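Visitor: Kindly generate the corresponding structure for this input.
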Amino acid sequence: MIINDTTLRDGEQAPYVAFNTKEKIAIAKMLVECGADELEIGIPAMGEDEKRDIKTLLSLELDVRMMTWNRAVMKDLEASLECGVKAVDLSVPVSDVLIDVKFKGNKNKILNNLEKTITEAKKEGLFVCIGAEDSSRGNMNFIVEIMKLGRELGADRFRFCDTVGILTPLKTYEIIKKLTSLNLLPIEMHTHNDFGLANANALSGIEAGALSLNTTVIGLGERAGNASFEQVLMSLKYLYSKDVEIKPKLIKKLTFFVSRAANITIPPNAPIIGKRLFAHESGIHADGMIKNKRAYEPFEAEEVGAKREFPIGKHSGSSTLMYHLKAAGIEAKKEVLRNLVPKIRKIVTKRKKVLNRAELINYYRKYACL
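Guide: Coordinates of the predicted model:
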């Protein structure tokens, strides 16, 4: 289960996003420390500035494979070779709609380009991944034809791309199971989140036999983005038993660094890293968590550098009030708390804002004296 993170390529292709060199260096270093197995670090054909950044990232000599993205044309491959990369993704469209748009329906030209670029890349000793753009809308026979050609020419991997995010987990599983059963090339999942299914589809591909999957930090990417690095990483560790060391403070640092660099706000309820993810307001949940920290959480807040909170809100019960008062050194009377709960609910509902601990103490003392 290999995580090939493409934050520095597909992530940066998100509208309105542009990373500078220092940001790219920091992101690459943190990704490797957090558990990424491979990095896709840019598109050399974009020009000299992009090549310079790619060379800088390669010079870091991080202990992971670094790959560039290319169209399967010699000009793009030559740009990658100039940078000194040891791995490339060579992309070709495989759906009729994109073949018509890019090659006027000429599949033979696609196959010829692929043959030339793979042959040259292997001659240079590169690791080659074939990127099948728009695989989910592609003709299966043509996809198999490309995989067979790739295998004959010595390609190392095949990237199955759900370019417009139209797959479902069940459909993904069925397709990838068929392709892996052919035993042609190891498969990498590249999924988009247009219907909110990028993570599910990527993991479904892994369950069906795919070797690796593309991710981006905070799910950054074109339109609705890609499979999320932090969500996939934690899923692989806790749900699929991948041997990876989670570094809590670093995951928090990485995700918030990328959000600032991309000028994108992380939703407070975002899986894994959202600020409210470990906030328990519901009386039943709060009571359970106070008694046992595993009661209503699949992993502990500390695992991702977060803190558990018990906000004093509309749905809070006496256990939450007692928790906060005890933390303030007050041994609360249950009868007072029972009377206080409905009053607090009315206050919070009216002002649309939870109470802080100091306010709770004032209200408790006020009603305790009545």
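
Visitor: the helices in the stretch 251-370 of the chain, which residues?
Guide: Under the criterion DSSP state H, counting those that start in this stretch, the stretch 251-370 of the chain contains helices at 283-291, 318-327, 334-351, 357-368.

Visitor: Now do the first one and helix 318-327, the angle between them.
Guide: Orientation note: helix 283-291 sits at an angle of 40 degrees relative to helix 318-327 (axes from the mean of the first three to the mean of the last three Cα atoms, to 10 degrees).

Visitor: Can you give me the buried ones in helix 283-291?
Guide: For helix 283-291, burial by neighbour count (16 or more other Cβ atoms under 10 Å) applies to 283, 285-290. Using the backbone N, CA and C atoms, a C-beta is placed for each residue, glycine as well.

Visitor: about what we covered before: could you export the helices of the stretch 251-370 of the chain to TSV, including columns for mean pLDDT?
Guide: Converted to TSV, the helices of the stretch 251-370 of the chain look like this (pLDDT from 0 to 100):
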stretch	mean pLDDT
helix 283-291	93
helix 318-327	94
helix 334-351	92
helix 357-368	90
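
Visitor: Tell me where this structure has strands.
Guide: Assigned by DSSP state E, the strands in the chain fall at 2-5, 38-40, 65-71, 87-93, 127-133, 157-162, 187-191, 212-215.

Visitor: for those strands, which one sits closest to residue 332?
Guide: Ranking these by proximity to residue 332 (Cβ to Cβ) places strand 212-215 first, at 46.5 Å.

Visitor: tell me the mean pLDDT over that closest one?
Guide: Averaged across strand 212-215, pLDDT comes to 98.

Visitor: And that strand, what does it pack against?
Guide: Judged by 3 or more Cβ pairs under 8 Å, 6 or more residues apart in numbering; DSSP states H and E, strand 212-215 is in contact with strand 2-5, strand 187-191, helix 198-207, helix 229-239.

Visitor: ok so, going back, as TSV, the helices of the stretch 251-370 of the chain with distance to residue 300 would be great.
Guide: Formatted as TSV, those follow (distance: least, Cβ to Cβ, whole Å):
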stretch	distance to residue 300
helix 283-291	11
helix 318-327	18
helix 334-351	28
helix 357-368	23
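
Visitor: before we move on, back to that, so of the helices and strands packed on strand 212-215, which one's packed in deepest?
Guide: strand 187-191 (a mean of 28; mean count of other Cβ atoms under 10 Å).

Visitor: So in that sheet, which strands flank that one, and in what orientation?
Guide: strand 157-162 (parallel), strand 212-215 (parallel) (DSSP bridges).

Visitor: May I have the residues that are in contact with residue 129?
Guide: 67, 87-90, 155-159, 188 (Cβ atoms under 8 Å, 6 or more residues apart in numbering).

Visitor: Repeat the analysis, applying 10 Å as the threshold.
Guide: Contact analysis of residue 129 by Cβ atoms under 10 Å, 6 or more residues apart in numbering lists 4, 38, 40, 67, 69, 87-91, 150, 155-159, 185-186, 188, 190, 212.

Visitor: try residue 17
Guide: Counting by Cβ under 10 Å, 6+ apart, residue 17 has contacts 11, 220-222, 258, 261-264.

Visitor: cutoff 8 Å now
Guide: 11, 220, 262-264.

Visitor: for residue 199, same thing?
Guide: Counted by Cβ under 8 Å, 6+ apart, residue 199 has contacts 191, 193, 227-228, 231-232, 235.

Visitor: Identify the farthest-apart pair in the contacts of residue 17.
Guide: 11 and 263 (13.0 Å).

Visitor: Between those two, point out the one with more neighbours.
Guide: Neighbour count, other Cβ atoms under 10 Å: between residue 11 and residue 263, residue 11 has more, with 28 against 9.

Visitor: who's the residue nearest the centre of the chain bridged to?
Guide: The centroid of the chain falls nearest to residue 228 when counting by Cα atoms, centre = their mean (1.1 Å). Residue 228 has these beta-bridge partners by DSSP bridges: residue 216.

Visitor: Right, I'll leave it there.
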